[in-house]
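In: quick one: sequence and predicted model below, then my questions.
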Amino acid sequence: MTLPDGYSSNHANKVCRLKKSLYGLKQAPRMWNEKLVNVLLNLGFEQSKCDHSMFVKTSNYVFIVLLVYADDIVITGSCSTEIARIKSLLKSKFLIKDLGMLKYFLGIEVLKTKDGLCLSQRKYCLDLLAEFGMTGCKPVNNPIEANHVLTRLCEQDTKVLPDISVYQKLVGKLIYLSHTRPDIAYSVHYLSQYMHCPTNGHFKIALRLLRYLKGSPGKGILFSKGDSLDLKVFSDSDWGKCIKTRKSTTGFCIFLGNSLVSWKSKKQSTVSRSSAEAEYRAMCAATCEALWLRNILNELKIDIKLPVPLFCDNTAAISITANPVFHERTKHFEIDLYFLREKISKGVIKTVGISSEDQSADIFTKGLLVQAHEKVCKILGLFDCFAY
């Protein structure tokens, strides 16, 4: 912080004493969050232990949930009168603006349909296409080639981009777009591995992904109506996917009822010595996410039916979970073994075999053929409100 213009002082060793947090200072966001949390706690809210941005209030059969992102707030609940009262109390503490029903939040459009609620980033996607000059491009039907030979393409065009900031900016925007587009999660996962040294080949793959988005910029996640609130977990892995490191790729997706609520595509941190080990590590990662979601739902007063089914298409990995004997083939990943077996023995998780054709998490570990890609997208609940 510098002294204001026109102020002069003969005491060079003195410093300014800050009495109020100002925008632009490092501690300003922390001080704002601290003040907001204190106000919400005084209003009777409880801060979630699993997600500190969520606040829950329950009293006299009234249930209110409040989500905070910086200075943007979403509030919902079972009583409109209580919601209005809380808004009035917040208005007495802060200078706020009530935007009414939730329609647009952090670049995400919230659309009501006859089947449920759809989250889409259509405007964000169209702006992205316009920014990179792909508005008039010819669309393709899948984000990345099936069983793609990416290394061959990258080996043919290994010239490093003269300005890597363009690639970094594109991939960064795609990462945010993947919040409502699980169908591009694997492609973005691959591209993000080369943020510091991208080649022309990587940039061509990113542009191909934009051509895929051009075909359906309004596609998003549909949270459909239903009576079931049971968790279902699908886990998959692609063994030795990375040619350079031979690390495998973990992919999983979790459904609450018929709606997709969580997914991930990520390279594993260690090298797996077998496909069964790679699948087992993916199952452990999916189990951790399922346990976190269960805790979140418990704070929202939703009881989850146990055990939670964990679907896997690798019979060897499922056999390891049921075998109480630790032998030479499994001793190098015993921590994961103990973790998953403990959850199974306590009745929290139940492993279920599934065919590869019905594996929903397959889209998070590899590129699929057009027909298979469209099938999985339909299972994941991807829906385009603007196509009708």
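Out: Nice, thanks for sending it over. Residues are numbered from 1 along each chain as shown.

In: show me where the stretch 101-250 of the chain dips below the pLDDT cut-off.
Out: Applying pLDDT under 70 to the stretch 101-250 of the chain flags the ranges 147-157.

In: which residues are in contact with the one residue sitting closest to the centre of the chain?
Out: Residue closest to the average C-alpha location in the chain (CA atoms, centre = their mean): His179, at 5.3 Å. Counting by CB atoms under 8 Å, 6 or more residues apart in numbering, His179 makes contact with 108, 121. For the C-beta atoms, the positions are set from N, CA and C on the backbone; glycine is no exception.

In: and it, that's in a strand?
Out: No. Looking at His179 with DSSP: H, G, I helix; E, B strand; the rest coil, it is coil, so not inside a strand.

In: pull up the per-residue confidence for Ala12.
Out: We have a pLDDT of 69 for Ala12.

In: ditto for the one 5 residues further on
Out: Reading off the per-residue confidence, Arg17 sits at a pLDDT of 71.

In: wasn't it part of a helix?
Out: No. Secondary structure of Arg17 (three-state DSSP): coil, not part of a helix.

In: for it, grab the count of nearby residues.
Out: 5 (other CB atoms under 10 Å).

In: residue boundaries of the helices in this structure?
Out: 28-42, 80-93, 122-131, 150-156, 164-177, 185-191, 200-215, 275-299, 315-322, 334-345, 370-380 (DSSP state H).

In: most packed of the ones you listed?
Out: Ranked by mean neighbour count, the helices of the chain are led by helix 185-191 with a mean of 23 (mean count of other CB atoms under 10 Å).

In: so what touches that helix?
Out: Contacts of helix 185-191 (CB under 8 Å, 6+ apart): 143-144, 150, 171, 174-175, 177-178, 202, 205-206, 209, 249, 251, 263-267, 363-367.

In: that one: how far from the chain's middle?
Out: Here the centre of helix 185-191 is set off from its chain's centre by 13 Å, with CA atoms, centre = their mean, to the nearest Å.

In: from Ile184, how far out is Gly220?
Out: 12 Å (CB to CB, to the nearest Å).

In: quick one, domains of this protein?
Out: 1-100, 119-218, 228-354 (automatic domain parsing).

In: quick one: closest of those domains to Lys112.
Out: domain 119-218 (11.1 Å; CB to CB).

In: quick one: end-to-end distance for the closest one.
Out: Using CA to CA, to the nearest Å, one end of domain 119-218 lies 9 Å from the other.
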